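[1] Sequence first, predicted model second:
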Amino acid sequence: MDPTDLLPFLLFPFLWVGILVVLALAGGWSLLARDHRALSRPDGVRRFVSGRLGRFVNYNHCLVAAAADEGLFLAVLLPFRPGHPDLLVPWSDIRVLEERAGFVTRWTHLELGPSRTRVWLAGDVGVEAARRARG
């Protein structure tokens, strides 16, 4: 066996991490992480939540989210975590832009933090986040 046959298997983890870091930068996750890193996970998190950050970065069924007392908690499931530290954005830094009923679920459009990063969240977490953000 030629050692170069193993090269794709050895390079794949680096490529995977690189792609995830680029997505975190493109969607605005990195901007949010500057000011809103979570120190711990709140109770009541939901896994497999869908969402979108920025214009192009979709997190379909790979977000972990909660509308906690302290604020909106966002994280990414383990295989997609590189470049995505856990976030906790306080309610005072969240503005509700729009709520929309989709074919299957409700979508909530929020603006987060001083970076004004836009996020769409699907389902109950988005609805609860809008309710809490409005006070």
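    Alright, I've got the coordinates. Please read all numbers here as calculations on a predicted model, not as lab measurements.
[2] Output the contacting helices and strands for the helix ranked longest in the chain.
    If you go by DSSP state H, the chain has its longest helix at helix 7-27. Under the contact criterion of 3 or more Cβ pairs under 8 Å, 6 or more residues apart in numbering; DSSP states H and E, helix 7-27 touches helix 29-35, strand 57-67. Where C-beta positions appear, they are placed from N, C-alpha and C, glycine not excepted.
[3] what angle do it and strand 57-67 make?
    Computed by axes from the mean of the first three to the mean of the last three Cα atoms, to 10 degrees, the angle separating helix 7-27 from strand 57-67 equals 70 degrees.
[4] Okay, buried residues for helix 7-27 please.
    Neighbour counts over helix 7-27 (16 or more other Cβ atoms under 10 Å) mark 20, 23-24, 27 as buried.
[5] repeat for stretch 78-85
    Neighbour-count burial for stretch 78-85 flags 80-85 (criterion: 16+ other Cβ under 10 Å).
[6] Narrow the residues you listed to those in strands?
    Among these, no residue falls in strands (DSSP state E).
[7] and those residues as CSV, adding pLDDT and distance to residue 33?
    Shown next, in CSV, are the buried residues of stretch 78-85 (pLDDT from 0 to 100; distance: Cβ to Cβ, whole Å):
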residue, pLDDT, distance to residue 33
80, 96, 15
81, 96, 12
82, 97, 13
83, 96, 9
84, 98, 8
85, 98, 5
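[8] ok, of these, which one's closest to residue 103?
    Closest to residue 103 out of those is residue 80 (25.2 Å), distances taken as Cβ to Cβ.
[9] The closest residue to that closest one other than its chain neighbours: how many residues sit nearby?
    Leaving aside its chain neighbours, residue 80 sits nearest to residue 62 (5.2 Å; criterion: Cβ to Cβ, 6 or more residues apart in numbering). Applying other Cβ atoms under 10 Å, we find 19 residues neighbouring residue 62.
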